[in-house]
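S.K.: sequence-free structure coming up:
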């Protein structure tokens, strides 16, 4: 179902000359000018870059994107995260994971328009192969990383800037995504639609596990993306193969709630909009904002997804999906503006960025 309103959404497409691997909003300093960061890849020269840009107000008739600064990366970016700095709002922290197995840390000076390299984690001993997922905790003091090699690492950003190994499955389990749930807890996504909850206060392995196969054993799925709402840290949202989106409540770890994907015909509260890979999921605070705090704790909050078959949509438990954008190519990444959730941007596989402004 597409949005129907007397004030329809505005969609602006900004062609680029490089492939956009990931994109994120940066904190606002002005009402009329936004800042974003892009992880790009030039296939002609095999050059990966991080690039900060200014975006004129998305509500303008024709918004424009102006490059500010760039930084070279040793290999393509697999995951990009941003954390606002409590002490310096104009200098957010940026973490970028790479195919070559390291994580790079930068600070973006939004006033002077510079992207400053802080440090990187040495590749040796960190991950054997690509870093598939990272996340920065809210205070910006730790970064958790996971890889297909089955390693889970914690990087300390405040003291020695080194890392410690939390877990190593020695290849028996491959991790694909990760998200902090609290200052001590985080959730990892794995092959086979697996989710693991970790608690640093209880070392040795995950403290809760979930694994299911929505395909009825016909194929194996992967969790590509995880999100956890700040007001409901016990509920984990996950998106992955075959259009699957589900919520996992760590208080009842054996009873996941399927929101989309194969098997929804057996679930009266789920609707399937896509059947391809879900590349990213995020809780959507814009939908029914007045009900965010008053909603029943038993109902899953609305979620936004993007997919391999070119769909950007909002799904909600027990409701028809709301389609925001449908493209003839994959939508690989998106981000909702935390400070103004009506604004969304996404990267299209055909080397362009779409800016969506909701009424």
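M.R.: All right, it came through fine. Note that the structure is a prediction, hence the values are computed from the model and not measured.
S.K.: where does the prediction get shaky in the stretch 51-200 of the chain?
M.R.: By pLDDT under 70, the weakly predicted segments of the stretch 51-200 of the chain are 57-60, 160.
S.K.: show me where it has its strands.
M.R.: 65-72, 77-83, 93-98, 103-109, 114-120, 131-136, 142-147, 151-156, 163-168, 175-180, 185-190, 194-199 (DSSP state E, counting those that start in this stretch).
S.K.: then the stretch 201-350 of the chain?
M.R.: Under the criterion DSSP E, counting those that start in this stretch, strands of the stretch 201-350 of the chain are mapped to 208-210, 223-228, 235-240, 245-249, 257-260, 278-283, 303-307, 311-315, 322-326, 331-336, 343-348.
S.K.: any chance of the strands of the stretch 51-200 of the chain in CSV with mean neighbour count as columns?
M.R.: Bear in mind the C-beta positions are built from the backbone N, C-alpha and C, glycine included. Shown next, in CSV, are the strands of the stretch 51-200 of the chain (neighbours: other Cβ atoms under 10 Å):
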stretch, mean neighbour count
strand 65-72, 15
strand 77-83, 21
strand 93-98, 24
strand 103-109, 21
strand 114-120, 15
strand 131-136, 25
strand 142-147, 25
strand 151-156, 20
strand 163-168, 15
strand 175-180, 23
strand 185-190, 25
strand 194-199, 21
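S.K.: let's have the strands of the stretch 201-350 of the chain in JSON lines, adding distance to residue 158, mean pLDDT and mean neighbour count.
M.R.: Below are these laid out as JSON lines (distance: least, Cβ to Cβ, whole Å; pLDDT from 0 to 100; neighbours: other Cβ atoms under 10 Å):
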{"stretch": "strand 208-210", "distance to residue 158": "28", "mean pLDDT": "87", "mean neighbour count": "17"}
{"stretch": "strand 223-228", "distance to residue 158": "23", "mean pLDDT": "95", "mean neighbour count": "24"}
{"stretch": "strand 235-240", "distance to residue 158": "26", "mean pLDDT": "93", "mean neighbour count": "26"}
{"stretch": "strand 245-249", "distance to residue 158": "30", "mean pLDDT": "89", "mean neighbour count": "23"}
{"stretch": "strand 257-260", "distance to residue 158": "37", "mean pLDDT": "87", "mean neighbour count": "24"}
{"stretch": "strand 278-283", "distance to residue 158": "27", "mean pLDDT": "96", "mean neighbour count": "23"}
{"stretch": "strand 303-307", "distance to residue 158": "32", "mean pLDDT": "96", "mean neighbour count": "27"}
{"stretch": "strand 311-315", "distance to residue 158": "36", "mean pLDDT": "95", "mean neighbour count": "22"}
{"stretch": "strand 322-326", "distance to residue 158": "39", "mean pLDDT": "94", "mean neighbour count": "19"}
{"stretch": "strand 331-336", "distance to residue 158": "26", "mean pLDDT": "97", "mean neighbour count": "22"}
{"stretch": "strand 343-348", "distance to residue 158": "31", "mean pLDDT": "96", "mean neighbour count": "26"}
